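> Got a predicted structure here, sequence first:
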Amino acid sequence: MSVEAEAAAVGRTAGHARTQEVVWHHRHLLDVDVVTWPEIELIMRTTDEMKGVLARPIRKVPALNGRRVTTLFYEASTRTRVSFETAARNLSADVVSVSTATSSVTKGESLVDTIRTLEALGAEILVMRHSVSGAPHLAAEIFGGHVLNGGDGWHAHPTQALLDLYTMRQHLPDGDLRGRKVAIVGDILHSRVARSNIWSLTAAGADLWLCGPATLLRGMDRWATAWDGGAIPGHGRFHVTSDVDAAVRDADVVMALRIQRERMQGGLLPSLREYAARFGLNAERVSLAKPEAIVMHPGPMNEGVEIAPDVAISGRAVITEQVANGVAVRMALLYLLAGAHEAAVGHEAAR
Ligand code: ASP
């Protein structure tokens, strides 16, 4: 099949899903809290199509030919940035990568000026990571194109949550998370991955357990119990505990999160060694989960702290699958956002 025919096939299938089920109208993707369950399913189906592209000898389609994707990362990243850039290139977009360490940001240029400059230089889709929660929301206010949040502060990491969901669905019978126990163990307090996963996993109907030392769960109890699901049907409650055995016991999915030392003020943990002893995912703890349970980690891993090295490479670990699925999920999102332009004009409210 020619590259053009392949692109048309991808477009046809995704377009088919749109007309049959749901129309993607979001101009930006800043978090998963504004995305409905049918829209998440559209993302999952479009990701299936992109996995099909990635399975071919030539992993490239011209779906975004001539579209300009710019990555602007104010914080360190390996997998998210490379994954977005690979995804954009696989769709034949022109990719510009701005590293703030070598840009005019070091000369004091503001975020707003930087974004206006990138737009003047032709950026149409801006993938952004920032250490300040809400920075991509500010970018979305002023940028004329589409903003994709690649992680902001403690707040949100929507593409990580979506690739986590996709990976879990691949491993669960019928891809159904309803009633499945998912335990997320680690530094919940500082984790944008945990926050975005709360939205998507409760929307999927999972029995979600968040676990860590009490100091790293602050505020989660109130969210877990006082919350009525908000405006989005299907989003629900979750459990919060410092009892790691209770969290992991009979789980279908166990996810470890990194201790985010760069975000941590003193006094929250006695020591990493004590954390590893009390909360680290070691083989003994993981054996409490279901025999077919999978082990996940968004990376980067601190082996020997939140996850034991033998667990990270065990047959249950799907950590490299998460990374590979990240490319397909990001291809799907770039594709959907780029196609949302027309609809977005009439749906300014639906950001
Ligand atoms: N890579 C993820 C993030 O950017 C998780 C982490 O850094 O620990 O939030």
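The structure has been received and is ready for your questions.
> Strands along the stretch 101-250 of the chain, start to end?
Shown for the stretch 101-250 of the chain, the strands assigned by DSSP state E, counting those that start in this stretch span residues 125-130, 146-152, 181-185, 207-211, 239-241.
> how long is stretch 281-295 end to end?
End-to-end distance of stretch 281-295 (Cα to Cα, to the nearest Å): 9 Å.
> any idea of the mean pLDDT for that stretch?
Averaged over stretch 281-295, pLDDT sits at 98.
> got a list of contacts for that stretch?
Residues from elsewhere that reach stretch 281-295 (Cβ atoms under 8 Å, 6 or more residues apart in numbering): 167-168, 171, 183, 185, 244-245, 248-256, 306-308, 310-312, 314, 316-319. To be clear about C-beta, it is placed using only N, CA and C from the backbone, and glycine gets the same treatment.
> Where does the prediction get shaky in the stretch 251-351 of the chain?
Applying pLDDT under 70 to the stretch 251-351 of the chain picks out residues 340-351.
> Show me which residues of it sit near the ligand.
With the criterion set to Cβ under 6 Å from any ligand atom, the stretch 251-351 of the chain comes near the ligand through 258, 260, 298-299.
> Verify the contact between residue 63 and residue 336 for me.
No - counting by Cβ atoms under 8 Å, residue 63 sits too far from residue 336 to count as a contact (10.6 Å).
> ok, residue 122 - contacts?
Shown in contact with residue 122 (Cβ under 8 Å, 6+ apart): residue 68.
> All further residue positions should be reported with the first residue as 605.
All set: I'll call the first residue 605, so the last point we hit is now residue 726.
> And the pLDDT for residue 808?
Residue 808 is given a pLDDT of 94.
> Verify the contact between it and residue 783 for me.
No - counting by Cβ under 8 Å, residue 808 does not reach residue 783; the two are 10.3 Å apart.
> of these two, who's got more company?
residue 808 (26 against 9; other Cβ atoms under 10 Å).
> Next, find the distance separating the more buried one from residue 779.
10 Å (Cβ to Cβ, to the nearest Å).
> biggest helix in this protein, by residue count?
In the chain, assigned by DSSP state H, the helix with the most residues is helix 923-943.
> who are the neighbours of that helix, in terms of helices and strands?
Counting contacts by 3 or more Cβ pairs under 8 Å, 6 or more residues apart in numbering; DSSP states H and E, helix 923-943 is packed against helix 607-624, helix 641-658, helix 683-694, strand 729-734, strand 750-756, helix 762-775, strand 898-900.
> Reformat these as JSON lines; add mean neighbour count and distance to residue 888.
Output for these, formatted as JSON lines (neighbours: other Cβ atoms under 10 Å; distance: least, Cβ to Cβ, whole Å):
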{"stretch": "helix 607-624", "mean neighbour count": "15", "distance to residue 888": "44"}
{"stretch": "helix 641-658", "mean neighbour count": "20", "distance to residue 888": "34"}
{"stretch": "helix 683-694", "mean neighbour count": "21", "distance to residue 888": "29"}
{"stretch": "strand 729-734", "mean neighbour count": "26", "distance to residue 888": "36"}
{"stretch": "strand 750-756", "mean neighbour count": "26", "distance to residue 888": "32"}
{"stretch": "helix 762-775", "mean neighbour count": "24", "distance to residue 888": "22"}
{"stretch": "strand 898-900", "mean neighbour count": "23", "distance to residue 888": "13"}
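> Pick out the shakiest of these, pLDDT-wise.
When I compare the helices and strands packed on helix 923-943, helix 607-624 is least confident, with a mean of 43.
> picking up where we left off before, out of the residues of the stretch 855-955 of the chain next to the ligand, give me the one that has the most neighbours.
residue 902 (28 neighbours).
> ok, and the closest non-adjacent residue to that one?
residue 797 (4.8 Å; Cβ to Cβ, 6 or more residues apart in numbering).
> helix/strand/coil for the closest residue to the ligand within the stretch 755-904 of the chain?
Distances between the stretch 755-904 of the chain and the ligand by Cβ to the nearest ligand atom are smallest at residue 862, namely 3.6 Å. Secondary structure, DSSP: H, G, I helix; E, B strand; the rest coil: residue 862 is coil.
> Would you agree it is in contact with residue 910?
Yes - using Cβ under 8 Å, residue 862 is in contact with residue 910, at 5.8 Å.
> Can you show me the helices along the stretch 805-954 of the chain?
824-830, 848-852, 876-883, 887-890, 913-916, 923-943, 945-949 (DSSP state H, counting those that start in this stretch).
> Can you list the buried residues in the longest one?
By neighbour count with 16 or more other Cβ atoms under 10 Å, helix 923-943 contains the buried residues 923, 925-927, 929-943.
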